[in-house]
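# need a structure here:
(one chain, ligands or ions: 1)
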Amino acid sequence: MIKTIKTTAYGDQKMGTGGLRKKTKVMMQPNYFENFIQSVFNTIGDLKGKVFVVGGDGRFFNAEAIQRFIKMAAANGVKKLIIGQNGFMSTPAGSNVMLKNHTDGGFIFSASHNPGGENGDFGVKYANHTGGQVPTSVSDKIYANSKTITEYKIMDCPNIDLSKLGTQHLGDMEIEVIDPVKDYVEMMESIFDFDALKKLFKSGFTMRFDAMNAVTGPYAIRIFEDILGASKGSVIRAVPLPDFGGLHPDPNLTYAKDLVDFMFSDKATDFAGANDGDGDRNMILGKHFFVTPSDSLAILTDNYHLIPAYKNGIYGVAKSAATSTAVCRVAAKNNLPYYVVPTGWKYFVNLMDSKRITLCGEESFGSGSSHIREKDGIWAILFWLSIIAATGKTVEQITRENWKKYGRSYYMRFDFEGLDTTVADKLMSDLEAKLPTLAGKKFGDYEVKQAAPFVYNDPVDNSTTKNGLVIDFTNDAKITYRLSGTGSTGATLRVYLERLEYNDLDQDTFSMLQELLKIAMQVAEITERTGKTKADVNT
Ligand code: G16
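The predicted model follows:
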């Protein structure tokens, strides 16, 4: 039976960089989740004939949210849902299922790299027919709807059994429960040369993959251990847990420290990688060596011809403004068009759909290609393994050769977390007001060339987005400031530093950026305004 439930609007359902992210307890408030889903449905309009993909990263409240979603979809007239078995599906696997089945989009329940559990975060990533998350023009409409919503529709019925593969019905709606790993593996086999990778592992090559107790464990076991022949136990923390075992499932130097320590120890394997909560982020490590995500994107771009799916050429590449310029130098030298977009994978979608780019990536541990419309953690690792298999070189050799060829962008991000939002907003607006006065100013060895907000004009839909404040120096150094759009409470100020060197290639990154960090803190008055003398996360 379809029930119409009266509800009261919440005023805070604005989507951020990647969907709606809130504290789990906020999402679990009466009607909160339902209000948001109904607002999305209302914004889409007529749902008759619509097909959506549904899954999540298994975090606390995932199972409950999916059941509520199914009942609401049926009550709102959706034609069909394709759901991952037991409600599990990684974000990249979901995008693949959306595109493969020509669906109208999908819903992945995840707060991505944010911690999970009852006291952690929960989120909803909503994608449209492109297989990518919706642009701001759509999320603004959903937000407007959520502020005036008065009722939602839901079926009054028992829960659906999502453990059984196959088709079942709820009212007029069809539900197909699929193995989320199967399609994903097939896609990876169509991109990479699995035989070459099998040979690599046969030759004794060792790796460690840290699934961080999150969604990619089963994908990684199937691909790396069962199919490619990495030794049993290569995939660690492989069982997805509702609270990620207390981990912060963000594969970076701070939150994946165990893996980093292992790779800098005597026991290190030849290669290591990690993924985040929903499997779209990746971290790459070699023996005693860390590859920054910005360098990783540059290296993947420089080696695209080694991958069967790209060997006949790529359209172009793109990066977010906060990402280092390493990939731009590779693109320029190889006559590839390149684009610089605001932070947020959704900005790559138009460029991929219009065949302007094939590869793209971001400093926030994301890289991917137009095989789907999300970043893809396991794809990035398979790409790296393919380069190693084809060249016989180590991660460190590959990276150092790239620096020699194109110069090295010493690059680091510093996060100041848990700030009062009013303080953070004021810091940014005052800094923006100050930018026009900075050109020509000297700070030690650094002279400001130009300082301005980053503004992006989308070449496809002509929309304009302003995101971040950038100070360029005359010596190829750069500071970018942004407020994160993925947190669930307070504000996080991200400060991104870059310094390009063509000759001095073997220095310690932190030492190379120390002076620039001082300047960044001084110009934005970070300590005076926030009380913080240093960043909470350096990565
Ligand atoms: C999301 C977006 C990424 C973005 C990242 C960080 O990733 O898809 O494009 O780079 O957030 O955003 P922010 O700096 O605003 O916190 P994910 O993995 O969280 O979905």
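
# any idea how far Asp121 lies from the ligand?
To the ligand, Asp121 is 10 Å away according to C-beta to the nearest ligand atom, to the nearest Å. Glycine gets a C-beta too; all of them are placed from N, C-alpha and C.

# show me the contacts for that residue.
Contacts for Asp121 (C-beta atoms under 8 Å, 6 or more residues apart in numbering) come out as Arg21, Lys22, Lys23, Thr24, Ala111, Asn114, Pro115, Ser488.

# same thing with Gly18?
So Gly18 contacts Ser112, Gly123, Lys125, Gln133, Gly344, Trp345, Lys346, Gly485, Thr486 (C-beta under 8 Å, 6+ apart).

# pretty sure the first one is touching Thr486, no?
Yes: Ser112 is in contact with Thr486 according to C-beta atoms under 8 Å; the separation is 6.8 Å.

# Buried residues of stretch 379-391, list them for me.
Trp379, Ala380, Ile381, Leu382, Phe383, Trp384, Leu385, Ser386, Ile387, Ile388, Ala389 (16 or more other C-beta atoms under 10 Å).

# In helices only, show me those residues.
Residues of the buried residues of stretch 379-391 located in helices (DSSP state H): Trp379, Ala380, Ile381, Leu382, Phe383, Trp384, Leu385, Ser386, Ile387, Ile388, Ala389.

# Next, count neighbours for Thr489.
13 (other C-beta atoms under 10 Å).

# any idea which of the ones in helices among the buried residues of stretch 379-391 is closest to Ile398?
Nearest to Ile398 among those is Ile387, at 6.1 Å by C-beta to C-beta.

# quick one, what contacts the closest one?
Contacts of Ile387 (C-beta under 8 Å, 6+ apart): Ile299, Leu300, Asn303, Leu306, Lys393, Ile398.

# Look up how far the ligand lies from it.
23 Å.

# how close does Met27 get to the ligand?
Met27 is 16 Å from the ligand, where distance means C-beta to the nearest ligand atom.

# out of everything not next to it in sequence, what's closest to that residue?
Distances taken as C-beta to C-beta, 6 or more residues apart in numbering place Phe122 nearest to Met27, at 4.3 Å, with adjacent residues excluded.

# now do Ile160
Ile160's closest residue in space is Ile70 (C-beta to C-beta, 6+ apart), at 5.5 Å.

# Enumerate the residues of the stretch 101-250 of the chain near the ligand.
By the rule C-beta under 6 Å from any ligand atom, the part of the stretch 101-250 of the chain lying against the ligand is Ser112, His113.

# mind listing the helices for the stretch 101-250 of the chain?
Assigned by DSSP state H, counting those that start in this stretch, the stretch 101-250 of the chain shows helices spanning 136-146, 180-191, 194-202, 217-220.

# ranking those helices by burial, who's on top?
Per residue and on average, the most neighbours among those fall to helix 217-220, with a mean of 24 (mean count of other C-beta atoms under 10 Å).

# what is the rounded mean pLDDT of it?
Averaging the model's pLDDT scores along helix 217-220 yields 98.

# From the contact counts, what lies against it?
helix 180-191 (3 or more C-beta pairs under 8 Å, 6 or more residues apart in numbering; DSSP states H and E).

# Relative to the ligand, how far out is the residue nearest to Ile160?
To the ligand, Ile70 is 23 Å away according to C-beta to the nearest ligand atom.

# likewise Thr301?
18 Å.

# Now that residue: which helix or strand?
Assigned by DSSP states H and E, Thr301 falls within helix 293-302.

# other SSEs contacting the next helix or strand after that helix?
Moving toward the C-terminus from helix 293-302, the next helix or strand (DSSP H and E) is strand 317-320. Contact partners of strand 317-320 among helices and strands, from 3+ C-beta pairs under 8 Å, 6+ apart: helix 293-302, helix 326-333, strand 338-341, helix 346-353, strand 359-362.

# relative to helix 326-333, how tilted is the longest one?
Read it as helix 293-302. 30 degrees (axes from the mean of the first three to the mean of the last three C-alpha atoms, to 10 degrees).

# repeat for the fourth one
Relative orientation of helix 346-353 with respect to helix 326-333: 20 degrees, computed using the same axes, to 10 degrees.

# Quick one: residues in contact with helix 346-353.
By C-beta under 8 Å, 6+ apart, helix 346-353 touches 18, 130, 132-136, 316, 318, 320, 339, 341, 357-358, 360, 368, 370, 373, 456, 458-461, 465.

# picking that back up, of the buried residues of stretch 379-391, closest to the ligand?
Ala380 (12.6 Å; C-beta to the nearest ligand atom).

# need the contact list for the closest residue to the closest one other than its chain neighbours.
Nearest non-adjacent residue to Ala380, counting by C-beta to C-beta, 6+ apart: Asn282, 4.1 Å away. Residues counted as contacts of Asn282 (C-beta under 8 Å, 6+ apart) are 251, 273-275, 293, 296, 365-367, 375-378, 380-381.

# Quick check: which element contains Asn282?
strand 282-286.

# That strand pairs with which strands?
With DSSP bridges as the test, strand 282-286 is paired with strand 271-275 (antiparallel), strand 289-291 (antiparallel).

# May I see these organised as TSV, with distance to the ligand and mean pLDDT added?
Shown next, in TSV, are the strands paired with strand 282-286 (distance: least, C-beta to the nearest ligand atom, whole Å; pLDDT from 0 to 100):
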stretch	distance to the ligand	mean pLDDT
strand 271-275	10	98
strand 289-291	17	97
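
# Just name the most buried of the ones you listed.
strand 271-275 (a mean of 28).

# For Tyr456, give its distance to the ligand.
According to C-beta to the nearest ligand atom, Tyr456 and the ligand sit 13 Å apart.

# is stretch 255-267 anywhere near the ligand?
No: against the ligand, stretch 255-267 shows no contacts by C-beta under 6 Å from any ligand atom, the least distance being 12.7 Å.

# got a list of contacts for that stretch?
Against stretch 255-267 from outside (C-beta under 8 Å, 6+ apart): 113, 208, 210, 212, 247-251, 253, 268-269, 272, 274, 283, 285-290, 537.

# Check which residues of that stretch are buried.
So for stretch 255-267, counting by 16+ other C-beta under 10 Å, buried means Tyr255, Ala256, Leu259, Val260, Phe262, Met263.

# Would it be right to say that the first one lies in a helix?
Spelled out, it's Tyr255. No: in this structure, Tyr255 is coil, not part of a helix, as judged by DSSP: H, G, I helix; E, B strand; the rest coil.

# Quickly check: stretch 325-341 near the ligand or not.
No: interface with the ligand: stretch 325-341 contributes nothing (C-beta under 6 Å from any ligand atom), its closest point being 9.2 Å away.

# First residue to last residue on that stretch, what's the distance there?
12 Å (C-alpha to C-alpha, to the nearest Å).
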